[in-house]
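**Q** Okay, here's the prediction I keep looking at, along with the sequence it came from:
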Amino acid sequence: MNQVNPVLHSLNQRTNSITIISEHHGWRTLSGVQTNDYYAYRNAILNGCHLQRASFDLRHPEEMICDLSNIEPIFNGMSAEEILSIWDYLSLSTSKISATAIRRINGDGLSPEIAISGPSKTDLVNLKNTLISEAFTHLRRDTFPVLMKESTYGIAKSRLLINTSNETLEFHNRFCAFYSKFISHEHWDNCSALNTRYIYENHAIWSQIEKISKNKLFLLSAGLPIALGYFAATEDSNIFFSEVHRQNDSSLLSRENAFQDIFPHPTSSNESWLIIDKAYTGGSLRQATNMIRKKFGYDIEVKTVALFPKSFSAFMSADYAVYAGKLFEVKSCASRLDRNLWHKQLITE
């Protein structure tokens, strides 16, 4: 019976066979493959294929105007009612943007966020500042609130990594030494995971999360500043990393190899796990949960924390959620939430 190489079978599923004809070389006709999967492309190059044609789809820069799930420190000191009033004003303002190059970002059920995109990051930031100033004037506030030591309705990525403890820096250095093996040398200088500058601030939420489960699994690369913020606040050494790639992940272009394991390697296989990640749909949390159970057995206790969930389904699919600077046990508050108003209800909880 013929055996099928599982790696080749997987690559074949991500490529299409094509015929390439060069009219400038006597109509020379060759076979080839077409793919939009980076690993299939890299494997083909290593096998001696040559790049025939390249095409780039470039995503415009984005700017978050206001996110109820993780509210910026500029809104510290406001009441929940004031924040919701400003959010409503900004929501209406961004829906009326007349500049053809800048538009509000729309999505399926992205209730808490008001965000814009366009070809110039500078223009986006300037427009954000203008809209927020107008919103404060509408609220009859002459000045922005005074910033507090700790964010009230969110967790800011505002702490310099270099200003943390030696233990935090050593943990970061150990991770970088390991993770650099998966990044092409030419991309080391611009790989966000290897060049973390700011991490999430110390916040009371971290000590609450620490008590939920023994092991904490963070998903890269967005999860590294979160994990380092958690570690700096709690000194909990039971921190692990894995990687889940989803659609439109441009970081794949810097990869030498795929990271499909857990770092550091767990010493015990029967302790409880808590998976922590930002959540738009909850898909990454589900994927990571399946990975843990495949590795350690389906009887293992696995819980999830959806950080700053952007949809009702993302909130409901997790065991816990961090929203507007507070930790919620989902099942305890789910029954009183309205699918269309949940993003505002949680602000006043």
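**A** Received the coordinates, thanks.

**Q** Going by C-alpha atoms from here, please, whenever you check contacts or count neighbours.
**A** Fine.

**Q** what about the strands in this protein?
**A** 16-22, 28-34, 62-67, 103-104, 113-117, 159-160, 198-199, 215-220, 239-243, 273-278, 302-307, 320-323, 326-329 (DSSP state E).

**Q** could I get the fifth one in PDB with only the CA atoms?
**A** What follows is the C-alpha trace of strand 113-117 in PDB, where atoms were taken according to Å, rounded to 0.1, in the frame of the first residue of the first chain:
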ATOM      1  CA  GLU A 113     -15.200  49.700  18.700                       C
ATOM      2  CA  ILE A 114     -15.200  52.900  16.700                       C
ATOM      3  CA  ALA A 115     -12.300  52.800  14.300                       C
ATOM      4  CA  ILE A 116     -11.200  54.400  11.100                       C
ATOM      5  CA  SER A 117      -8.800  53.500   8.300                       C
END
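
**Q** partners of it in the sheet?
**A** strand 62-67 (antiparallel), strand 103-104 (antiparallel) (DSSP bridges).

**Q** Could you tell me the least trusted of the ones you listed?
**A** Least confidently modelled of these is strand 103-104, at a mean of 93 by mean pLDDT.

**Q** one step back: just put the strands paired with strand 113-117 in TSV and tack on mean neighbour count.
**A** TSV is the format used below for those (neighbours: other Cα atoms under 10 Å):
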stretch	mean neighbour count
strand 62-67	20
strand 103-104	19
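
**Q** quick one: which of those is nearest Asn36?
**A** Among the strands paired with strand 113-117, the nearest to Asn36 by Cα to Cα is strand 62-67 (23.6 Å).

**Q** Just the CA atoms from that closest one would do, formatted as CSV, please.
**A** Coordinates of the C-alpha atoms in strand 62-67 are reproduced here as CSV (Å, rounded to 0.1, in the frame of the first residue of the first chain):
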residue,chain,number,x,y,z
GLU,A,62,-6.0,51.9,11.2
GLU,A,63,-6.8,54.1,14.2
MET,A,64,-9.0,53.3,17.1
ILE,A,65,-11.2,56.3,18.0
CYS,A,66,-12.9,54.7,21.0
ASP,A,67,-13.1,51.2,22.2
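
**Q** Distance from it to the middle of the chain?
**A** Computed by Cα atoms, centre = their mean, to the nearest Å, the separation of strand 62-67 from the middle of its chain amounts to 14 Å.

**Q** how about Leu285, what does it touch?
**A** Counting by Cα atoms under 8 Å, 6 or more residues apart in numbering, Leu285 makes contact with Ile275, Ile276, Asp277, Ala279, Thr304, Ala306, Ala318.
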